[in-house]
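Novice: I would like to see how this sequence folds:
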Amino acid sequence: MAHFWQRLRSGDWLTAARARAYSLILLCLCIAATVGWIVLSDGLIDHNGKPIGTDFSSFYAAGSLALEGHAANAYIPALHYAREQSLFGEATPYYSWNYPPVFLLIAAPLALLPYPLALAVFQASGFLLYLSVIATILAPVRPRNPVIARNWLPVAAAYPAVFINLGHGQNGFLTAGLLGAALAALERPVLSGLCIGLLSYKPQFALVIPIALLAAGCWGVIVSAALTVVTLIAASCFAFGIDSWTAFIGSTGTSRKVLLEQGAAGFEKLQSAFAAVRLWGGSVPLAYAVQSVVSALAVLATAWAWRASNDRALKAALLVCATALTSPHLLDYDLVLLAPALAFLTLAIYEDGARDFDKTLLALIWIMPLLTRSVAGLTSIPLGLLATLALFALVLRRLYRQRDHVASEADSTFAYP
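Specialist: Next comes the predicted model:
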């Protein structure tokens, strides 16, 4: 038993060969399941009666309305649902459209394509962006470490949140890619700010990012991000009319109540502190209170790290985790967002060495998206939230130890000039 515990502590059970083999096995299984799912479908409809790509059907329907000059109708559930039914059949379930009009700048061009091609283009381009960003984050160590150079691609491609995102036709690849790219390109403020500004289609992720940038004094990034957001808003108003924004703002209250507070999508699919309280039967006010506490602590810790530390990889990993923790509306496909955080932490571990349980915990966090929905549904245990908190704690622990190390070196310098 002691030997088993020691192996978990050291992480030496997770050899490079095992990491590669496990990833490739999971990758093959998921590819086979995806192909089988498509083969068993009836045209655009799977054997459960849902459109292939589920949530993407909402994007496509909203984009088609925008192309016809009726973008505001996408925010009226009855009209949006009518368009989904006209595209996918009367029996199709309703998939709501809750994104600001800036996302129509993507959805509308995609709606020019046949649905299967639009879905394939959206997912393939997002996946390539995601992989490119992971490769960029790990670029400083890949030439020097043959293990990382050989294994990063299968590990990144087989990350279970990838397949959840693919199954839902969602935008997790785009979100993870843009945030990861922004943090990898901080030395290029215009590019970094552009990537952050493009994330404005996910306003629920906007709490902690500006605070971190302010704490670090990244003024060029802030200006670039602000200009990008203003440009996107202006472009969407020009393309789809100001009434699209009026309709979106008017719909936010209903969306918050139905999707978040009532959990129309299922609290087992949501991965936030708010959802965990609701999953356990807690009231809406209590859920907001707990979410506020978690968000405040995440924001404070991130602001401290971005002001006090010079370790860019650890700061980036912490900010990604905090972005996930501060959003009450975080679904399991959004856990693709943790992949850049895992990559940044891997970079830090290579440079500074692994701590106790680092490798074991990282392996558990990596596999967690595969289990979150089923485990939460059966046991009410929010594994996705716990995985995000664990990753946040790992990064924060390393930052605190760095601070203590720097402080002790400073004391030694004064004691022995």
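Novice: find the residue at the geometric middle of this structure.
Specialist: When the chain is reduced to its mean C-alpha position, the nearest residue by Cα atoms, centre = their mean turns out to be Leu337, at 2.5 Å.
Novice: assign it to helix, strand or coil.
Specialist: The three-state assignment at Leu337 reads helix, by DSSP: H, G, I helix; E, B strand; the rest coil.
Novice: cross-check the contact I'm expecting between it and Leu179.
Specialist: Yes - using Cβ atoms under 8 Å, Leu337 is in contact with Leu179, at 6.7 Å. Glycine gets a C-beta too; all of them are placed from N, C-alpha and C.
Novice: any weak-confidence spans in the stretch 301-417 of the chain?
Specialist: 403-417 (pLDDT under 70).
Novice: who touches stretch 135-147?
Specialist: The contact list for stretch 135-147 (Cβ atoms under 8 Å, 6 or more residues apart in numbering) reads 16, 148-149, 152-153, 180-181, 184, 340, 343-344, 346-347, 350-351.
Novice: the residue nearest to the centre of the chain - nearest residue in space that isn't next to it in sequence?
Specialist: Ala176 (4.9 Å; Cβ to Cβ, 6 or more residues apart in numbering).
Novice: next structured bit after the helix or strand harbouring that neighbour?
Specialist: With elements taken from DSSP states H and E, the one containing Ala176 is helix 172-184. For helix 172-184, the succeeding helix or strand toward the C-terminus, using DSSP H and E, is helix 189-198.
Novice: what are the contacting residues of that following helix?
Specialist: Here helix 189-198 makes contact (Cβ under 8 Å, 6+ apart) with 178-179, 181-183, 185-186, 209, 213, 218-229, 231-232.
Novice: swap in stretch 250-257?
Specialist: Contacts of stretch 250-257 (Cβ under 8 Å, 6+ apart): Tyr75, Ile76, Ser96, Asn98.
Novice: which of those ranks first by neighbour count?
Specialist: Highest neighbour count within the contacts of stretch 250-257: Tyr75, with 28 neighbours (other Cβ atoms under 10 Å).
Novice: which of the contacts of helix 189-198 count as buried?
Specialist: Among these, those classed as buried by 16 or more other Cβ atoms under 10 Å are 178-179, 181-183, 185-186, 209, 213, 218, 220-222, 224-225, 228-229, 232.
Novice: return the distance of the residue nearest to the centre of the chain relative to Thr323.
Specialist: Remark: distance between Leu337 and Thr323 (Cβ to Cβ, to the nearest Å) = 7 Å.
Novice: now swap in Val190 and tell me
Specialist: Applying Cβ to Cβ, one obtains 21 Å for the distance of Val190 from Thr323.
Novice: who's more crowded, the two?
Specialist: Using other Cβ under 10 Å, the more surrounded residue of Val190 and Thr323 is Thr323, with 28 against 14.
Novice: quick check on the residue lying closest to that one once chain neighbours are set aside: phi, psi?
Specialist: Nearest residue to Thr323, sequence neighbours excluded (Cβ to Cβ, 6+ apart): Phe205, at 5.1 Å. Backbone torsions for Phe205, taken as degrees, to the nearest 10, come to phi -100, psi 10.
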